[in-house]
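Engineer: pasted the sequence and its predicted model underneath.
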Amino acid sequence: MWDGTYDHDPYREKTALATVLYSCRCNAGDEAVAGWIAGIPRRYARILRHPRQHRTSAARVDLDSALAFLGNVDESWEEIGADGDHMVFGSGEQEELCAEFGPSVPKVFAGLRKSLKAADRCPLVDASQLAYAGEFRSFFPAFSNKVVQWLFHVRDKHDQETVAKRLVNEALSPHGLVKDPVPVESRLVCAIGEYKEMVATTRDPSGYELGLPVGGAPRMGWLPWFAVVADAIAARLQGIRAVRPDEGPRVSTPVWPPVAAPGLDDRLYGNAALFYEAFEGRPISDTPDWRAADVVRRFKRACDSLRFQHEIAPVAAHLKALIAGAAYDPRLVREVLGPVEVFRGVEPLDALVDLLPELLDDRYPPRAHPSFAELPLNGWELRFRFPLLARFGGSRPDAGGGYRLSVLTKSLKPWRVGLPPVIGEIGELLALLPSDEDLDRAMAHLGATGTGWRPVLDTIADELTARIWAGEDEPG
């Protein structure tokens, strides 16, 4: 079992660099984009700073690993690609990089480090100003897979209508759903959110702004074809739920205000505080009617998002560091986590030690995540999964109309970059929770008051979408 520590691993770091650069270099059709080197900071900024990417995101971990690899300037071009499995640079790309940054590996690495570090601070630009490359794969994985399927099927065929019908029928097919409905349902729910965010990002039917290949595109255009696929996905989701018995609430009883750990921003222990907040004030040790391991399972379910993957490794590393520090200074636990609930007779430090193996469990194949019927969503998971709606809920809006959209959007400029993720969150939440009672409980967890949120959220999404394209400066 992995012990939660970080070691210098050149192969892992090189793989991360290959992943980061690929996301800036190649579009959804695996074609290299023109001028990709100049676009590195702005393209990776859109991935790294998407509102649903928390600080433990795979995008952030990959960037940190890539920067660590770029700090090693002792290798030649041949040594960089020696492992074979992950060629970071092809020969043509080496020439482009040398022309941009200088003729040697140290100069190229220094230039790439500067470009990638700028992703944290450069201005965000929308797809009309800089077309997507790997952002499409990152933000819309379900539809990226459909692009790959389409291009594969039409490569040697000319009957696009037959191919389109086949792929849509695959989206509608009920095969295998009875045996394993939960993972399929989760994929479909996320795909609906993807589509809502996508159509708020661009209105270009050709898909050029999204970095989609022009050659081999459906005759109707990519966006109209995605609309057909989205309808099929929604129909399939409805079909799954029609044959499934009522499984009870998917959302736990609302708790407000949320627990806030004082050490959340601590450089050494902040990720441990993030993990502790998932307990929502409940004991971090087992009690006769409570299993602390369920929180670990919920935490891993939230991190293992189908769209925005988050890593357990930086969380485990901070927890391990907190345990080590608290062994010498027991006050550290309270300073980082705040008041900690444990079962009588259990020391908080011992409880944290017991949680670490659960967090580090890396068995293969991995244990299936619990369904929402087995382990309902709590407030922490909802805030983690829907951070922009959590920002909206923090203003205590009421379903009866007591809210202002400016509270939600005031820090999301430019609108064409900032507002589509809000619309995607709304679409995903509505698809995730078909029960109005569950939806109202979810909104209460996020801070909202009142009932009847489904039509209100629909209206908000429609209004924000309209205002994006109207170019209005300040939704009110």
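Structural biologist: Okay, I see it.

Engineer: pull out the buried residues from stretch 183-196.
Structural biologist: Judged by neighbour count (16 or more other Cβ atoms under 10 Å), stretch 183-196 contains these buried residues: 184-196. Every C-beta, even on glycine, is put in place using the N, C-alpha and C of the backbone.

Engineer: could you do stretch 208-220 as well?
Structural biologist: Tyr208, Glu209, Leu210, Gly211, Leu212, Pro213, Ala217, Pro218.

Engineer: what is the subsequent helix or strand relative to the helix or strand hosting Arg416?
Structural biologist: Here Arg416, judged by DSSP states H and E, is contained in helix 415-432. Beyond helix 415-432 on the C-terminal side, the first helix or strand identified by DSSP H and E is helix 436-445.

Engineer: let me know the angle separating that next one from helix 415-432.
Structural biologist: Counting by axes from the mean of the first three to the mean of the last three Cα atoms, to 10 degrees, helix 436-445 lies at 130 degrees to helix 415-432.

Engineer: what packs against the helix holding Arg416?
Structural biologist: helix 181-201, helix 387-393, helix 405-409, helix 436-445, helix 453-470 (3 or more Cβ pairs under 8 Å, 6 or more residues apart in numbering; DSSP states H and E).

Engineer: what's the average pLDDT for the last one?
Structural biologist: Okay, so that is helix 453-470. Average pLDDT, helix 453-470: 92.

Engineer: excluding sequence neighbours, find me the nearest residue to the most centrally placed residue in the chain.
Structural biologist: Centroid-nearest residue in the chain: Phe308, 1.6 Å away (criterion: Cα atoms, centre = their mean). Among residues not flanking Phe308 along the chain, Arg52 sits closest, at 4.6 Å (Cβ to Cβ, 6 or more residues apart in numbering).

Engineer: repeat for Leu352
Structural biologist: Nearest one to Leu352, counting by Cβ to Cβ, 6+ apart, is Ile323 at 5.4 Å.

Engineer: what do you get for Met220?
Structural biologist: Per Cβ to Cβ, 6+ apart, closest to Met220 is Pro205, 7.8 Å.

Engineer: now do the one you found against Ala38, distance only.
Structural biologist: Separation of Pro205 from Ala38 (Cβ to Cβ, to the nearest Å) stands at 27 Å.

Engineer: who's more crowded, those two?
Structural biologist: Ranked by neighbour count (other Cβ atoms under 10 Å), Pro205 and Ala38 place Pro205 first, with 16 against 12.

Engineer: helices and strands of the protein: which one has the lowest mean pLDDT?
Structural biologist: Within the chain, no helix or strand scores below helix 77-80, which has a mean of 70 by mean pLDDT, DSSP states H and E.

Engineer: same for the very next helix or strand once past it, what does it pack against?
Structural biologist: Going down the chain from helix 77-80, the next helix or strand is helix 91-101, by DSSP H and E. The helices and strands touching helix 91-101, judged by 3+ Cβ pairs under 8 Å, 6+ apart, are helix 105-117.
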